[in-house]
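Visitor: Give me the fold of what follows.
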Amino acid sequence: MTTRPDARFRAFRRFRLFVVIVAALCALTALLSGPVSAAAPPPHMTAEATPATDLGDQVVLVSWQGFAPTRSDGTDGVVIMQCRAHPRSVQSDCNTAETFPYDLTGNQQAGTTAQNGTGNVFMDIMTTARLPSLACSETTPCSLLVYETTANGFDPSGLPPAKTRVLVPLSFARNSADCPPVQHYDFSVESEASATAALYQWAAALCIGPHAFTMDITNTASNQAREDFLSGLVDLGVTSLPPEPGEITPTSPQFSVTPLDLTGIAIAYNITDSVTDKQITDLTLTPRLVARLLSDSDLATFFQDPEFLKLNPHHHWPGEAADPGLRGEKNADTWIVTHWVGGNPGARAFLAGKDAYHVPVNSSWLGIHYPTDVFQARNSNGVYFPRIGEEGIAQRLFADTKPADSIPTDTLDAGEIGILDLPTAERFKLPIANLTNGVGQPVVAPNAWSLTAGYDQMKTTSAGFHYMPAVVTAANAYPLTKVDQAMVPKQLTGSDKDLRIRAFLDYAAGPGQMNVPLGYAPLPTPLELQTLRYTGDPPETTTTTTTTTTAAPVVPFDNNVAPIGGSTSSDYLGSSGTDNTPTPTATPTTTHGNATTTIHAKPAPRKATFVVLRLPDSGDHLVLPILLGLGLLALLASFADSARRHGRKLRPGARGDQPAPGIDGPPAS
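Guide: Sure thing, here's the model as predicted:
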């Protein structure tokens, strides 16, 4: 008679059976979930764009991993192209134009892969306005094609081989291409360049819905916008400065002033450390050094200037500074920068030929009077080359191209510096210089805090225009702050056009401030109220007592916060303006010292990534064999054990037909 196993051994056999079944199911799952398309890229190759969602015309960071290291002959390099969402052909579905500056609409990028299989480049992404052939928009997503180059190349009527490419999806914010076809514009706006990024975004938000309307927006300059508004050619003229003497004539229409945004001017640059070959991102400049750039004064020795080296001691600088990137038309940014330069004693001494460091000023600029609203090539060297519009300056800085050149420059030979509005500099991800009045003086970087502090230092004309004095008195105020403000009809009527202008201004000063592009600070409450009082729609007031707390404003910048500062001087415009009297917007009291802090306006953007599930050691090809092998071993072990138990039951034991002790029965006594 056979003794029955006790409960402990029955449980052990059930657990063993469970392990066998789980291993088999894992193997089956791995088999069924394996790649099903031969067109899919190898599982080790991935790529991503940062950001990859809610995009406009802007530069993004493209990164890749798991690619073959680039060889010395250039093979296994990487090319990135902007394409339709699901391209079938590079020739017909991707932007194949040569990269800027060779083609105005070219945005391809080439990169190299390091020995660890990774690499990255910045790439200028274009929406419908700049690249109508792809028409990327909220309703028309696009992609980036990231592929390895090979010695044999590929047929552009198709795509690169599947084993060499990755496709990164891109999604876009609403833009003009998402609006219904325009039958007629409800009103027209001519604008200073710094306001257009916000204006385009607001126009796209307002073109759809039950009360939709359309705006005709022209990107120009403050001077032209004021002139055309005062001539009755446009309904709104957006300017960063009040009209100049003589612009208003007896026939000019009466107007009111409505602030739209708070932003600033950037001294942007593209400079590479000549030893580390890394981009420099912590440049500090003074009004004197900016005056040296603007006057084209011996730029071959600019990076050896004694003041420059005292402020920037921790880098190896290129051989020379290129001539500056400057706007060529009359505009407010030029006036504001030269107003700031002209208000600094060191800069004035330099331009007068009495430099404290004994650097001679270019004789063509000796004794020049600042401020001015236009940069002129005062000599005929052919390289001092102001250009029309801010985008061309930004593209050339981004592409390492000097103002007068048609091909890129070796970044180790020359460093490039230009003057742009903040939204454009942010859009192209250009580093922005910190500013100081001199060695040993506090330093300030442009961010929402310093722009808000800059607004608190502004003067206000009797008409309601806001502008910066030549030198600010607050230690934390950015000296190149400005307000973009719309000149509008003196009063709004009940006409259809005026009702739409009113709706636009209400939106711009209210909901439109909640998600402005990078480069703007939130509109301070006094400026918001100035606009809403004009429309007759100020926020409802309440008598409830509230406790005011100091809080940082939303910071729509990606720049580092530097030590902050300023100094005092008389107002270059005289006494025509008055200091702002509204309660200043609260600013943070945190002391940054010499530390730098990266501040973002929005939550960290999501990355669009093509990823295949992989083991930590990247041994993707081993997953299926390992699971199948484990399942097979478990089955064989189970069969062997079963056969062994069956054989022992048939073999005569020490006690007749009882099982061998200690195996399938009770332990031997």
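
Visitor: Show me the domain layout of this structure.
Guide: 46-176, 179-540+549-604 (automatic domain parsing).

Visitor: neighbours of V234, just the number please.
Guide: Counted with other C-beta atoms under 10 Å, residues neighbouring V234 total 23. In short, each C-beta sits where N, CA and C put it, glycine included.

Visitor: repeat for T220
Guide: 21.

Visitor: Just the local confidence number for it, please.
Guide: What the model reports as pLDDT for T220 is 96.

Visitor: Secondary structure element for the closest residue to it other than its chain neighbours, which one?
Guide: Closest residue to T220 apart from its sequence neighbours, by C-beta to C-beta, 6 or more residues apart in numbering: E190 at 5.5 Å. Assigned by DSSP states H and E, E190 belongs to strand 187-192.

Visitor: tell me the contacts of the nearest residue to G106 once chain neighbours are set aside?
Guide: Nearest non-adjacent residue to G106, counting by C-beta to C-beta, 6+ apart: A97, 3.9 Å away. By C-beta atoms under 8 Å, 6 or more residues apart in numbering, A97 lies in contact with D103, T105, G106, N107, Q108.

Visitor: what about 6 Å?
Guide: D103, T105, G106 (C-beta atoms under 6 Å, 6 or more residues apart in numbering).

Visitor: Ranking by neighbours, what's the top pick from those?
Guide: G106 (18 neighbours).

Visitor: quick revisit: so the residue nearest to T220 bridges to which residues?
Guide: T218, G237 (DSSP bridges).

Visitor: Need the contact partners of the next helix or strand after the strand holding E190.
Guide: As assigned by DSSP H and E, the chain's next helix or strand after strand 187-192 is helix 193-206. Defining contact as C-beta under 6 Å, 6+ apart, one finds that helix 193-206 is touched by 174-175, 191, 215, 217, 219, 238, 260-261, 263, 390, 421, 423, 484, 508, 512, 516-517.

Visitor: Show me where the stretch 451-600 of the chain has its strands.
Guide: Applying DSSP state E, counting those that start in this stretch to the stretch 451-600 of the chain gives strands spanning 459-460, 466-467, 481-489, 578-579.

Visitor: Please produce TSV containing the ones you listed, extended by distance to T525 and mean pLDDT.
Guide: Below are these laid out as TSV (distance: least, C-beta to C-beta, whole Å; pLDDT from 0 to 100):
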stretch	distance to T525	mean pLDDT
strand 459-460	15	96
strand 466-467	14	98
strand 481-489	13	98
strand 578-579	17	44
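
Visitor: which stretch among the ones you listed comes nearest P132?
Guide: strand 481-489 (27.4 Å; C-beta to C-beta).

Visitor: Alpha carbons only: can I get that closest one in PDB?
Guide: Extracted C-alpha coordinates of strand 481-489, given in PDB (Å, rounded to 0.1, in the frame of the first residue of the first chain):
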ATOM      1  CA  THR A 481      13.100  96.700 -20.600                       C
ATOM      2  CA  LYS A 482      10.400  98.000 -22.800                       C
ATOM      3  CA  VAL A 483       6.600  98.000 -23.100                       C
ATOM      4  CA  ASP A 484       4.900  97.300 -26.400                       C
ATOM      5  CA  GLN A 485       1.800  99.600 -26.500                       C
ATOM      6  CA  ALA A 486      -0.900 100.000 -29.100                       C
ATOM      7  CA  MET A 487      -1.900 103.500 -30.400                       C
ATOM      8  CA  VAL A 488      -5.700 103.100 -30.800                       C
ATOM      9  CA  PRO A 489      -8.600 105.400 -31.700                       C
END
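
Visitor: Note down every partner strand of that strand and its orientation.
Guide: As assigned by DSSP bridges, strand 481-489 forms pairs with strand 236-239 (antiparallel), strand 255-270 (antiparallel).

Visitor: need those in a markdown table with mean pLDDT, mean neighbour count and distance to D373, can you?
Guide: Output for the strands paired with strand 481-489, formatted as a markdown table (pLDDT from 0 to 100; neighbours: other C-beta atoms under 10 Å; distance: least, C-beta to C-beta, whole Å):
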| stretch | mean pLDDT | mean neighbour count | distance to D373 |
| --- | --- | --- | --- |
| strand 236-239 | 98 | 28 | 11 |
| strand 255-270 | 98 | 25 | 13 |
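
Visitor: Could you export the ones you listed as CSV, including distance to A198?
Guide: Shown next, in CSV, are those (distance: least, C-beta to C-beta, whole Å):
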stretch, distance to A198
strand 236-239, 10
strand 255-270, 5
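
Visitor: and I336, which of these is closest to it?
Guide: Among the strands paired with strand 481-489, the nearest to I336 by C-beta to C-beta is strand 255-270 (5.9 Å).

Visitor: where along this protein do the helices fall?
Guide: 7-32, 90-93, 193-206, 222-230, 287-294, 306-311, 332-342, 345-351, 390-398, 422-427, 448-456, 496-509, 525-535, 623-650 (DSSP state H).

Visitor: who's in contact with G158?
Guide: So G158 contacts S89 (C-beta under 6 Å, 6+ apart).

Visitor: gap between it and T251?
Guide: Per C-beta to C-beta, to the nearest Å, G158 is found 64 Å from T251.

Visitor: Run through the stretch 1-150 of the chain and note the low-pLDDT ranges.
Guide: Per-residue confidence of the stretch 1-150 of the chain (counting by pLDDT under 70) places the weak regions at 1-43.

Visitor: Tell me how many other residues crowd the nearest residue to W335 once chain neighbours are set aside.
Guide: Nearest residue to W335, sequence neighbours excluded (C-beta to C-beta, 6+ apart): D373, at 4.2 Å. When neighbours are defined as other C-beta under 10 Å, D373 has 19 of them.

Visitor: what's D373 sitting at in phi/psi?
Guide: Main-chain dihedrals, D373, degrees, to the nearest 10: phi -100, psi 10.

Visitor: pLDDT wise, what is it at?
Guide: 96.

Visitor: same check, this time on R655
Guide: 38.

Visitor: coming back round to it: for the residue nearest to T220, give me its contacts.
Guide: Taking C-beta under 6 Å, 6+ apart, one finds T218, T220, A225, D228, V234, G237 in contact with E190.

Visitor: Please apply the same query to P242.
Guide: Contacts of P242 by C-beta under 6 Å, 6+ apart are T461, F465.

Visitor: Any figure for the gap between it and M458?
Guide: 12 Å.

Visitor: pLDDT below threshold where in this protein?
Guide: Ranges of the chain meeting pLDDT under 70: 1-43, 541-669.
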